[in-house]
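> give me coordinates for this.
(2 chains)
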Protein chains: 2
Amino acid sequence: MTEPQSSPPRGVYAAVLTPFSADLEPNHQAFVAHCRWLLAHGCDGLAPLGTTGEANSLSLAQRLGLIEASAAAGLPMERCIIGTGSCALADAVTLTKAVLASGGSGALLLPPFYYKNPSEDGLFAFFSEVIERVGDKRLRLYLYHFPQMSAVPVTPALIQRLKAAYGDTIAGLKDSSGDWNYTANLLKEIPGFGVYSGSEQFLLANLRAGGAGCISASTNVTAPLAGAAFRAWQRDGADALQQELTEARLVLQGFPFQGGLKEVVARLTGDRHWLDVLPPNRPLSPAQRDQLFARLKEIRGLDPLLKAA
Amino acid sequence: MTEPQSSPPRGVYAAVLTPFSADLEPNHQAFVAHCRWLLAHGCDGLAPLGTTGEANSLSLAQRLGLIEASAAAGLPMERCIIGTGSCALADAVTLTKAVLASGGSGALLLPPFYYKNPSEDGLFAFFSEVIERVGDKRLRLYLYHFPQMSAVPVTPALIQRLKAAYGDTIAGLKDSSGDWNYTANLLKEIPGFGVYSGSEQFLLANLRAGGAGCISASTNVTAPLAGAAFRAWQRDGADALQQELTEARLVLQGFPFQGGLKEVVARLTGDRHWLDVLPPNRPLSPAQRDQLFARLKEIRGLDPLLKAA
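Just a heads-up that it's a prediction; the model follows:
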């Protein structure tokens, strides 16, 4: 059976930060405004409710609320890949259904991450149950490979098994391992698989290997640079843009992502509520903050952005 | 301020399994019946909704439903230490409030386990927010130290900091690390701290060091043996009972707990729905099952139990 092509487009995705209000509830208005800023400043799509978005620190109701608010605000849901992972099967199903109900098709799904060393059969059963229970051919599932955080890798063997069973529903993967060999191998084994690198450091390499682009935490800040590199990727000058982008990324990943990126967005927006994070994440210390801004000023491509703040 | 002593009693606790109905919803009736069986066959208390109970594979609604069903069925909530951990702060708060609303006081709280290498400040902030938001002096919090599963250890320094801030609310800890030195060190550093060993293998050692007993997966099956060892712990013959108990434990921990223990309970109850587990856990294979029962028959103290099945 041929399904209509409904995969989100390739390019630069921001793993969108989640802003909070004073009581640590997600701030829908600030979230939507930041999403609009990202789309206007170089991002091709949005990946809310992932690791950067502190999704696993949010309740189901808080996550559903953010999906509904995004759709209600008119964000382009077809350009979103939304984190719907949960250790709880029932919650992963509810969230994935909510993505489709909101008008989107892309869901980014972590393996269940509490039990360690799960069997491949157990992981297949989890993804399989989600797909069967959601029961919607429009679904485009992106597997989320982030062994350093989930402690549960998504192996090529598991992906092949899922693709054999569910075809185009298994649309791609976010590779946050930082291991370029994993990405390269996957793109060779499964041509056309929608593999996004978890860092814009690999943006050009990913595209040149036939990948789909990047879904990255730091593009919450580097969006203008990353967007420029993506638009230029088949032209002269792409490598110079990539180099600048990589420098920015390397500075940002030297600090805790939630605390560090929120410092920059708080400065850009003038809204100090942006500094709040949910435990166990913590805001930057004043010393870390000063160090971060000092280092970011060295990145030429970010200078106009920071000057505007 | 002196609070009334409301800590759950010392002794043998079962980390209660969660049975499911055909649609993988928790089966309240089978759960309550198993809890009653455990209390009638050697358990001093119950620890539902932990790792063994697949709590992190359940939705918030499913977990709340099981707590409410337990109270409604008249289970002795004051003898329960109920798992209320979640990566999501809001859920940990909701679940812990539900324990108090159900008439209980004991909550077993995992550290948030998605983000790895969280700072001690971040973990303190998480536990602190839970305690402050619950805002009930009756709460008796047991920290859940299970680094092999959560990947986030509960350090003695964190415990001391929490005790300094919240006193008797920080009532104890379940040590599932299997590292006896951790338990022994904690009982020396914080005399009277309610430390339960995560394995009945350490039951006598725990009690002799001033600990509170054990909270164990395998006591879903070894309850009669464990109860006998606990009642005899200050008498002659305790060591022989402990030895038999340890043998049973070592057999059971050679198999995946959920699948293996559920095989035994399914046989005891004649209810094959007991075999169901939530992914990523898997039922035992037929070969594993046969091996498990063959090995269990070698344990003298379990023989009457298995013959009755």
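
> look up how far A:Phe193 lies from A:Val130.
19 Å (CB to CB, to the nearest Å). Quick note: C-beta positions are derived from backbone N, CA and C, even for glycine.

> more crowded one of these two?
Ranked by neighbour count (other CB atoms under 10 Å in any protein chain shown), A:Val130 and A:Phe193 place A:Val130 first, with 25 against 20.

> am I right that the more buried one is in contact with A:Leu89?
Yes: between A:Val130 and A:Leu89 there is a contact at 6.9 Å, judged by CB atoms under 8 Å.

> angles on the backbone of the closest residue to chain B within the stretch 151-300 of chain A, please.
Among all residues of the stretch 151-300 of chain A, A:Pro280 sits closest to chain B, at 3.4 Å; criterion: CB to the nearest CB. With angles defined as degrees, to the nearest 10, A:Pro280 sits at phi -90, psi 0.

> can I assume it is in contact with B:Lys116?
No: counting by CB under 8 Å, A:Pro280 stays clear of B:Lys116, with 9.8 Å between them.

> overlap in contacts, these two.
B:Val152 (CB atoms under 8 Å, 6 or more residues apart in numbering or on different chains).

> more crowded one of these two?
Neighbour tally, A:Pro280 and B:Lys116, criterion other CB under 10 Å: the higher count belongs to A:Pro280, 26 against 13.

> look up how far B:Arg161 lies from that one.
14 Å.

> with A:Ala71 instead?
The spacing between A:Ala71 and B:Arg161, counted by CB to CB, is 43 Å.

> same deal with A:Leu162?
44 Å.

> quick one: contacts for A:Thr246?
A:Glu200, A:Gln201.

> where does stretch A:29-47 sit relative to the chain's centre, distance-wise?
Offset of stretch A:29-47 from its chain centre (CA atoms, centre = their mean, to the nearest Å): 12 Å.

> what residues does chain A put near chain B?
Residues of chain A lying close to chain B by CB under 8 Å from any CB of the partner chain are A:24, A:51, A:56-62, A:87-91, A:94, A:111-116, A:118-119, A:121-123, A:125-126, A:129, A:148-152, A:278-282.

> just the buried ones from these?
Buried members of the residues of chain A next to chain B, counted by 16 or more other CB atoms under 10 Å in any protein chain shown: A:24, A:51, A:56-60, A:62, A:87-91, A:94, A:111-115, A:118, A:122-123, A:125-126, A:129, A:149-152, A:278-282.

> which residues of the stretch 201-309 of chain A score low on pLDDT?
For the stretch 201-309 of chain A, the stretches with pLDDT under 70 are A:309.

> of the buried ones among the residues of chain A next to chain B, which belong to helices?
When these are checked against helices (DSSP state H), the matches are A:60, A:62, A:89-91, A:94, A:122-123, A:125-126, A:129, A:149-150.

> list the buried residues of stretch A:35-49.
So for stretch A:35-49, counting by 16+ other CB under 10 Å, buried means A:35, A:37-39, A:41-49.

> I should have written stretch A:73-83 there, sorry.
Buried, per 16+ other CB under 10 Å, within stretch A:73-83: A:Leu75, A:Met77, A:Arg79, A:Cys80, A:Ile81, A:Ile82, A:Gly83.

> surely the last one meets A:Gly53?
Yes: under the criterion of CB under 8 Å, A:Gly83 is in contact with A:Gly53, at a separation of 6.6 Å.

> just the closest of the buried residues of stretch A:35-49 to chain B, please.
Nearest member of the buried residues of stretch A:35-49 to chain B, counting by CB to the nearest CB, is A:Leu49, at 12.1 Å.

> so for the closest one, what's the pLDDT?
In this model, A:Leu49 is scored at 98, pLDDT.

> and what of the one 10 residues further on?
Here, the pLDDT recorded for A:Ser59 equals 98.

> please name the nearest non-neighbouring residue to it.
Excluding its sequence neighbours, the residue lying closest to A:Ser59 (CB to CB, 6 or more residues apart in numbering or on different chains) is B:Ala90, at 4.1 Å.

> A:Asn281 now?
Sequence neighbours aside, A:Gln258 is the residue nearest to A:Asn281 in space, at 4.5 Å (criterion: CB to CB, 6+ apart).

> would you map the helices across chain A?
For chain A, the helices defined by DSSP H occupy A:28-40, A:60-72, A:89-101, A:120-134, A:147-150, A:156-166, A:180-189, A:203-208, A:219-231, A:238-252, A:257-269, A:286-296, A:303-308.

> what packs against the third one?
Secondary-structure packing of helix A:89-101 (3 or more CB pairs under 8 Å, 6 or more residues apart in numbering or on different chains; DSSP states H and E): helix A:60-72, strand A:81-83, strand A:106-109, helix A:120-134, helix B:60-72.

> one more: the fifth one?
Secondary structure elements in contact with helix A:147-150, counted by 3+ CB pairs under 8 Å, 6+ apart, are absent; no helix or strand qualifies.

> can you list contacts of that helix?
Helix A:147-150 has contacts (CB under 8 Å, 6+ apart) with A:Thr51, A:Leu110, A:Pro111, A:Phe113, A:Tyr144, A:Pro153, A:Ser176, A:Ser177, A:Gly178, B:Tyr114, B:Tyr115, B:Lys116.

> correct me, but the second one touches A:His145?
Right, the one you point to is A:Leu110. No: A:Leu110 is beyond contact range of A:His145, at 9.1 Å (criterion: CB under 8 Å).

> circling back: so which of the contacts of helix A:147-150 are in strands?
Judged by DSSP state E, the subset of those located in strands is A:Tyr144.

> CSV for the contacts of helix A:147-150, including distance to A:Gly11?
Formatted as CSV, the contacts of helix A:147-150 follow (distance: CB to CB, whole Å):
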residue, distance to A:Gly11
A:Thr51, 20
A:Leu110, 22
A:Pro111, 26
A:Phe113, 28
A:Tyr144, 18
A:Pro153, 26
A:Ser176, 17
A:Ser177, 21
A:Gly178, 20
B:Tyr114, 27
B:Tyr115, 28
B:Lys116, 29
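
> number of nearby residues for the residue nearest to A:Pro8 when sequence neighbours are not counted?
In space, and not counting its chain neighbours, A:Pro8 is closest to A:Gly106: 4.5 Å by CB to CB, 6+ apart. Look at A:Gly106: counted by other CB under 10 Å, it has 28 neighbours.

> what is A:Gly106 paired to in the beta sheet?
With beta bridges defined as DSSP bridges, A:Gly106 has these partners: A:Ile81, A:Arg140.

> who are the contact partners of it?
Going by CB under 8 Å, 6+ apart, A:Gly106 touches A:Ser7, A:Pro8, A:Cys80, A:Ile81, A:Ile82, A:Val99, A:Arg140, A:Tyr142, A:Ala171.

> could you export these as CSV, including pLDDT?
As requested, the contacts of A:Gly106 are exported to CSV (pLDDT from 0 to 100):
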residue, pLDDT
A:Ser7, 69
A:Pro8, 75
A:Cys80, 98
A:Ile81, 98
A:Ile82, 98
A:Val99, 98
A:Arg140, 98
A:Tyr142, 98
A:Ala171, 97
